[in-house]
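J.: sequence first, predicted coordinates after that:
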Amino acid sequence: MKEQATLTVTEAQFSEMLEVTTVGYHDEVYMHIRGGRTRLLAGSPGSSAGTYTDFVEAFFESVEGATEAYFDADEVLSYIELVSSGPSTKLKIQFFGTEGDNLANKMVITPDSDTEDFEVSLMLSSGSSVMESVPVSLPQQFDEKNRFTNPATEEPLGTKIETTISQLQKINNTVSLREELDYKPVTVKNGEFRLDVGEEKNQKIDARLAGEVEGDDVSNLYGGHFSEIVQVLDGGVTLYLDEGGPLEVLQEKNHMTIRQLLGSAK
């Protein structure tokens, strides 16, 4: 078994990387380290809900080598907290594998310090069957502008909304007040981003949300991990969608690109 790659990170950096990928919804993540960049995928192949995140070298303290790994995010975070003495603690995360196998089969977590002696070794799932659980084709479904390609039209999602997580929280919070509602509406009406919940004959909420809109009017419903996204992410986001199509939540900041994808329930 040989060392394939090493990440030197703070607890805060590694935790953020996993949290913005799983958003407390997905369990396992696939990590691909190569050329100083780290890519993470979460979700199931063929599923309408998934996550694709990228982290450039400047996000980390250092990145060395190349590997692929598949692991349970919560389990790894639990061991990270065990080894770490706080968010600013520097950690060394090493990946080991066998010759000729791209997937690492062992992760070793230690403090990046000569004064501390604490090591955790985790055996990882490996072998060709592991990749059957990874949405490996997801990155190819985004164009150079990070827009998702709608499978129904084979064109990038056409309506764009520049807004903030706080506006999506308003949608989520409004729907949570109505026990009979399961899905969150994302609506563009007359060129405006709107909060449109309920019916005139019962209880209806109709309000303008803050957001810059480009493209056609749309009115879709989304479930999946919408609630988890608005609880984990913050700041500005860009939404891409089509009538009756999936929703992409895109965020680019702090040396990372986050792409969250949800299927339409309409």
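T.: Yep, that arrived. Everything numeric in this text was worked out from a predicted model, so none of it was measured.
J.: when you work out contacts or count neighbours from here on, use the C-alpha atoms and nothing else.
T.: Will do.
J.: isn't Ile109 up against Ile80?
T.: Yes. Ile109 lies in contact with Ile80 (C-alpha atoms under 8 Å); the separation is 7.2 Å.
J.: contacting residues around the spatially closest residue to Thr98 that is not a sequence neighbour?
T.: Once flanking residues are discounted, Thr98 sits nearest to Met1: 4.8 Å by C-alpha to C-alpha, 6 or more residues apart in numbering. Residues counted as contacts of Met1 (C-alpha atoms under 8 Å, 6 or more residues apart in numbering) are Phe96, Gly97, Thr98, Glu99.
J.: which of the three states applies to Met17?
T.: helix (DSSP: H, G, I helix; E, B strand; the rest coil).
J.: how close does it get to Thr153?
T.: 32 Å (C-alpha to C-alpha, to the nearest Å).
J.: how about Val23?
T.: For Val23, the distance to Thr153 - C-alpha to C-alpha - is 28 Å.
J.: more neighbours: which of the two?
T.: Higher neighbour count among Val23 and Thr153: Val23, with 22 against 10, using other C-alpha atoms under 10 Å.
J.: check contacts around the more buried one.
T.: Neighbours of Val23 in contact, by C-alpha under 8 Å, 6+ apart: His225, Glu228, Ile229, Gln231, Val232.
J.: how many residues are close by the second one?
T.: Spelled out, it's Glu228. Glu228, neighbours per other C-alpha under 10 Å, totals 15.
J.: what of Gly127?
T.: Neighbour tally, Gly127, other C-alpha under 10 Å: 11.
J.: how about it, what does it touch?
T.: Gly127 makes contact with Asp101, Leu103, according to C-alpha under 8 Å, 6+ apart.
J.: go through stretch 153-169 and flag the buried ones.
T.: Buried residues in stretch 153-169, counting neighbours by 16 or more other C-alpha atoms under 10 Å, are found at 156-169.
J.: nearest to Leu209 among these?
T.: Gln167 (6.4 Å; C-alpha to C-alpha).
J.: my read: that closest one touches Ala210, true?
T.: Yes. With contacts counted by C-alpha under 8 Å, Gln167 reaches Ala210, the gap being 6.7 Å.
J.: quick revisit: what subset of the contacts of Met1 is buried?
T.: Counted by 16+ other C-alpha under 10 Å, those give Phe96, Gly97 as buried.
J.: any chance of a markdown table for the contacts of Met1, columns secondary structure and distance to Leu262?
T.: Below are those laid out as a markdown table (DSSP: H, G, I helix; E, B strand; the rest coil; distance: C-alpha to C-alpha, whole Å):
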| residue | secondary structure | distance to Leu262 |
| --- | --- | --- |
| Phe96 | strand | 34 |
| Gly97 | strand | 34 |
| Thr98 | coil | 36 |
| Glu99 | coil | 38 |
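J.: distance to Val130 for the contacts of Met1 - can I get that in CSV?
T.: Output for the contacts of Met1, formatted as CSV (distance: C-alpha to C-alpha, whole Å):
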residue, distance to Val130
Phe96, 16
Gly97, 14
Thr98, 15
Glu99, 17
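J.: nearest to Met131 among the contacts of Met1?
T.: Gly97 (15.6 Å).
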